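**Q** My questions are about this predicted structure, shown below with the sequence.
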Amino acid sequence: MAVMVEELSWWSCEDETLIAMIARDRTDDDYSWMVLARDKIGRFRAASHEVSLTSVDVAERRLFVEMAAVIDRGEVAEFGEQGDETNSPLDPFDVPAHLDRNKLHPYFVILAESPGRAPARKVISELALWLAPKDPHFVREFQTDGFDQRLWELFLWAAFRESMLNVEQLEAPDFRCSAPGIAFTVEATTVAPSQSGPLADHPEPKTPDEVRAFLRDYMAIKFGSALTSKLHKRNAAGERYWERPESREHPFVIAVADFHSPATEDGPGSMVYTQEALWAYLYGVRTTHHHKADGSLVITNEPVETHSYGTKTIPSGFFAQQDAENVSAVIFSNAGTLSKFDRMGTTAGYGAADHKYFRVGYALDPDPNAAQGLPFSVEVDADGYAERWTQELQVFHNPHAAQPLSEDTLPMATHHRLIDGQFVSKGPPDTVLSSMTLILSVQDAPVRDAASS
């Protein structure tokens, strides 16, 4: 739709049960309005519209008349019904009375009960209306042992929709994305904690050397396990993901996120800094850098044959493995977290009362000689602050892909390629490399007794 029209303004009634848009037709240069209301499931969908209007003023007057009429007739509740709904309204935070509370995921409990998480609850409640109705297991898994996977899928859905893609849920792969001239499928997966085997002995890197060793081998193997399991997976008919009807003759993508080590009071979660391990594992190339005396950056690439940790050794270079040419690209983001949903909810006006949200991290440095990002700190609900779902999205393209993925599919993501032995990355200027969100509860200062002061 964004290809055809330019959004000019958004409106709502006082209780936001009706929302509406004024737009300009890019081809005909005339105007239209659209009113959206909730369907039986609770999703906002187009309920009425009018096109080919001569001016913005005319469109606004017609829109206001329509909204007032719906409200005056008392038809708001049924106005958005589409006739194709198959489920009743749902609430991803409605925990069944029979469910053992000890089975709830600890992050779900934080999300559901912490006052400061109100923005994330609002955003997730809206997004879940689009994913959960087609998946009877979504809500239960989101509340329990599938929390990370389901949160990652919600993030991906939002990022794909922000990219103006039509997103269809499939049984497998997870998504089929399309737009005029674009079609590809996506299977989502996560890196989870290892419960057995050599990787269950999780290192706790402290020094720079320990962190480098951790990324070089342990994390490369963790990413390798998640990706190769998808590479080899077959359905009951013996088909791999790219062989299934939805994927045939189209790019197939694996989207991976690292949830294996969550944030603690002592430090951030591993996802904040593990992208380097994914980069090296995918291409079988490790980069080092140094600056010359004149300040110019020198980057050196060296091939990596294997990754070893304990008794486990795997080959490096995922994209060079047998059958991997059928994986067009690997998508990664370190932002498929509750913090992202909190920030997006806050910018939409759903920040929790008596709470402040601050984002700190590293943004892209446009200096070609920069070896690290630019540090930044910003208040999320400050005037002028803006953020995109795809701001941290990374797309690693397979140089051997049988069905290459066009960069136009995700134009606001950062795209990485290995060309003639050199890494080439392209991304928008507001790209964020990594960040954390600080949520502060604002408390009234205690009133001091004047007699004792």
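**A** Arrived safely, thanks for sending.
**Q** Helix or strand for Ala46, just tell me which one.
**A** For Ala46, the element it lies in under DSSP states H and E is strand 44-53.
**Q** Any buried residues in that strand, and which?
**A** The neighbour-count check on strand 44-53 (16 or more other C-beta atoms under 10 Å) flags 44, 47-48, 53 as buried. Quick note: C-beta positions are derived from backbone N, CA and C, even for glycine.
**Q** Now the element after that strand, going C-ward?
**A** According to DSSP H and E, the helix or strand after strand 44-53 is helix 56-72.
**Q** tell me the mean pLDDT for that next one?
**A** Taken as a whole, helix 56-72 has an average pLDDT of 96.
**Q** Any chance you could list what contacts the strand holding Ala46?
**A** With C-beta atoms under 8 Å, 6 or more residues apart in numbering as the test, strand 44-53 has contacts from 19, 25, 28, 30-39, 59, 62, 66, 79-80, 82, 126.
**Q** Are any of these buried, and if so which?
**A** 19, 31-39, 59, 62, 66, 79-80, 126.
**Q** Inside strands: which ones of those residues?
**A** 19, 31-38 (DSSP state E).
**Q** Could you verify that Met344 is part of a helix?
**A** Yes - using DSSP: H, G, I helix; E, B strand; the rest coil, the assignment for Met344 is a helix.
**Q** my read: it touches Glu387, true?
**A** Yes - contact criterion C-beta atoms under 8 Å: Met344 and Glu387 qualify, at 6.5 Å.
**Q** more neighbours, those two?
**A** Met344 (22 against 19; other C-beta atoms under 10 Å).
**Q** which one is that one nearest to, not counting chain neighbours?
**A** Nearest-residue entry for Met344: Val123, 5.5 Å, with adjacent residues in sequence omitted and distances by C-beta to C-beta, 6 or more residues apart in numbering.
**Q** got the CA positions of stretch 224-235 in CSV?
**A** Coordinates of each C-alpha in stretch 224-235 appear next as CSV, following Å, rounded to 0.1, in the frame of the first residue of the first chain:
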residue,chain,number,x,y,z
GLY,A,224,26.4,-23.6,14.0
SER,A,225,24.2,-25.9,16.0
ALA,A,226,21.1,-23.8,15.5
LEU,A,227,21.7,-23.2,11.8
THR,A,228,22.8,-26.7,10.7
SER,A,229,19.8,-28.2,12.5
LYS,A,230,17.6,-26.1,10.1
LEU,A,231,19.8,-27.0,7.2
HIS,A,232,19.2,-30.7,7.7
LYS,A,233,15.6,-30.7,8.9
ARG,A,234,13.1,-32.6,6.8
ASN,A,235,9.3,-33.0,7.1
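**Q** show me where pLDDT drops low in the stretch 151-300 of the chain?
**A** 263-270 (pLDDT under 70).
**Q** hey, where'd the strands end up in it?
**A** Along the stretch 151-300 of the chain, counting by DSSP state E, counting those that start in this stretch, strands occupy 166-169, 175-179, 182-191, 252-258, 285-291, 297-303.
**Q** And those strands: which comes nearest Phe318?
**A** For those, proximity to Phe318 was assessed by C-beta to C-beta; strand 252-258 is nearest, at 9.4 Å.
**Q** Geometric centre of this protein: which residue is closest?
**A** For the chain, the residue nearest the mean C-alpha position is Phe155 (3.1 Å; C-alpha atoms, centre = their mean).
**Q** so it sits right up against Gly336, yeah?
**A** Yes - using C-beta under 8 Å, Phe155 is in contact with Gly336, at 3.7 Å.
**Q** what is in contact with those two at once?
**A** Joint contacts of Phe155 and Gly336 (C-beta under 8 Å, 6+ apart) are Ala257.
**Q** can you give me the helices for the chain?
**A** 56-72, 76-79, 106-113, 118-131, 138-143, 147-162, 208-213, 220-232, 275-283, 338-345 (DSSP state H).
**Q** Fine, thanks again, bye for now.
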